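Trainee: build the 3D model from these lines:
(one chain, ligands or ions: 3)
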Amino acid sequence: MSVKSRIPLILLACGSFNPITNMHMRLFELARDHLHRTGRYQVIEGIMSPVSDDYRKKGLVSARHRIAMAKLALETSDWIRVDPWETEQESWTETVKVLRHHYNESVRLLQSKKEFMKNKQPTERSTENFLSSQCSVVPELKLLCGADFLQTFQTPNLWKKEHIQEILEEFGLVCISRAGSDPAQYIYESELLTKFQHNIFLVKEWIQNEISSTQIRYALCRGLSVKYLIPDSVIAYIAYHNIYTEESERKNEGDLLQPLKLHNTAVSPLNDRSHSL
Ligand SMILES: Nc1ncnc2c1ncn2[C@@H]1O[C@H](COP(=O)(O)OP(=O)(O)OP(=O)(O)O)[C@@H](O)[C@H]1O
Ligand SMILES: NC(=O)c1ccc[n+]([C@@H]2O[C@H](COP(=O)(O)O)[C@@H](O)[C@H]2O)c1
Ligand SMILES: [Zn+2]
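Mentor: Numbering: from 1, shown residues only. Ligands and ions are numbered 1, 2, ... in the order given. Sure, this is the predicted structure:
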């Protein structure tokens, strides 16, 4: 398949990004390499969507800071961007709705590009062949995540079954391996995941890198170096605003994650776990 005839694809990663780490950015690079190697897809954009403050995860600092840090980190990327839409909503947004939003946005963008092409003079149009060829199909949108994210599908009352189904059936998942998580096993154990296995791309990271935001926050609170784990610009931002402290780590402590609250359950708060979702 020539590059021109490949299916355009957008990768969307949802999460806390508290703070963004080098590994969060690596997820996108790994996913893009993998999809390109299939010969079927052309990844045209990566979107990082930090979760709203209303998610109420332990130690979750303000979205304003999380977005600012992600923007600084992604300054060096020419294809991944941060999108604040989720954090601008009144309350926490279920992931399937974030996917729907971004899908609708890409349809809208395509329509306005087509409109723009239609209004151009014929001579101008011929010079815009490349643009118009890129404009002709709505890109696929896939949810990008680490293997631990896939594991959370099994957590009672965290996800609605119909949402998992819609994510898998209508969009699809690109899942990057992570130490301590066995995505193939989660698929095997779930009837739903097995049914839509054809829409789950499992990507193996051979250069293992177990950076987690939780560990970064712990190191920062203890005054330890996090250089080479997160970008220098993010380290400087954190120091300037004194973002991660023992006090910030206590934010939402003992609270229930918003998805669990919404499902009105009495299960123990995930928020008390030391390495969270
Ligand atoms: N080291 C990693 N390997 C694979 N996936 C990762 C890694 N770190 C984060 N991810 C993925 O990035 C997405 C966003 O994760 P998140 O913001 O929770 O980061 P995290 O490092 O897991 O943070 P925390 O420790 O606070 O849970 C999730 O899909 C998660 O699985
Ligand atoms: N039912 C749902 O749609 C649902 C449930 C739990 C987490 N999530 C999302 O998954 C991501 C998890 O992020 P963390 O791994 O940082 O907790 C967040 O973007 C959150 O909004 C969605
Ligand atoms: Zn996590």
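Trainee: got the phi and psi for the residue lying closest to Gly180 once chain neighbours are set aside?
Mentor: Once flanking residues are discounted, Gly180 sits nearest to Asp148: 7.3 Å by CB to CB, 6 or more residues apart in numbering. Heads up, the C-betas are built off the backbone N, CA and C, glycines and all. Backbone torsions for Asp148, taken as degrees, to the nearest 10, come to phi -70, psi -30.
Trainee: pLDDT wise, what is Asp148 at?
Mentor: Looking at Asp148, its pLDDT reads 97.
Trainee: what does Pro269 give?
Mentor: pLDDT, Pro269: 45.
Trainee: quick one: name the residues of the stretch 51-200 of the chain near ligand 1.
Mentor: Within the stretch 51-200 of the chain, the positions near ligand 1 by CB under 6 Å from any ligand atom are 145-146, 148-149, 176, 178.
Trainee: same list (those) but as a markdown table, adding neighbour count, secondary structure and distance to ligand 2.
Mentor: Putting these into a markdown table (neighbours: other CB atoms under 10 Å; DSSP: H, G, I helix; E, B strand; the rest coil; distance: CB to the nearest ligand atom, whole Å) gives the following:
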| residue | neighbour count | secondary structure | distance to ligand 2 |
| --- | --- | --- | --- |
| Cys145 | 22 | strand | 8 |
| Gly146 | 21 | strand | 8 |
| Asp148 | 19 | helix | 7 |
| Phe149 | 21 | helix | 6 |
| Ile176 | 26 | strand | 13 |
| Arg178 | 22 | coil | 11 |
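Trainee: which among those residues gets closest to ligand 1?
Mentor: Gly146 (2.2 Å; CB to the nearest ligand atom).
Trainee: hey, where'd the helices end up in the stretch 1-150 of the chain?
Mentor: In the stretch 1-150 of the chain, the helices defined using DSSP state H, counting those that start in this stretch lie at 22-37, 63-73, 85-88, 95-118, 122-127, 129-135, 147-151.
Trainee: which residue does the stretch 101-250 of the chain bring closest to ligand 2?
Mentor: Counting by CB to the nearest ligand atom, the stretch 101-250 of the chain gets nearest ligand 2 through Trp159, at 4.2 Å.
Trainee: and the helices of the stretch 1-150 of the chain, which one averages the lowest pLDDT?
Mentor: Looking at these, the weakest mean confidence is helix 129-135, a mean of 50.
Trainee: so which of the helices of the stretch 1-150 of the chain gets nearest Ile200?
Mentor: Smallest distance to Ile200 across the helices of the stretch 1-150 of the chain (CB to CB): 8.0 Å, for helix 147-151.
Trainee: how about residues contacting the closest one?
Mentor: The contact list for helix 147-151 (CB atoms under 8 Å, 6 or more residues apart in numbering) reads 15, 173, 175-178, 180-183, 186-187, 193, 200, 277.
Trainee: now the helix or strand just after that helix: buried residues?
Mentor: Counting by DSSP states H and E, the next helix or strand C-terminal to helix 147-151 is helix 161-166. For helix 161-166, burial by neighbour count (16 or more other CB atoms under 10 Å) applies to 163-164, 166.
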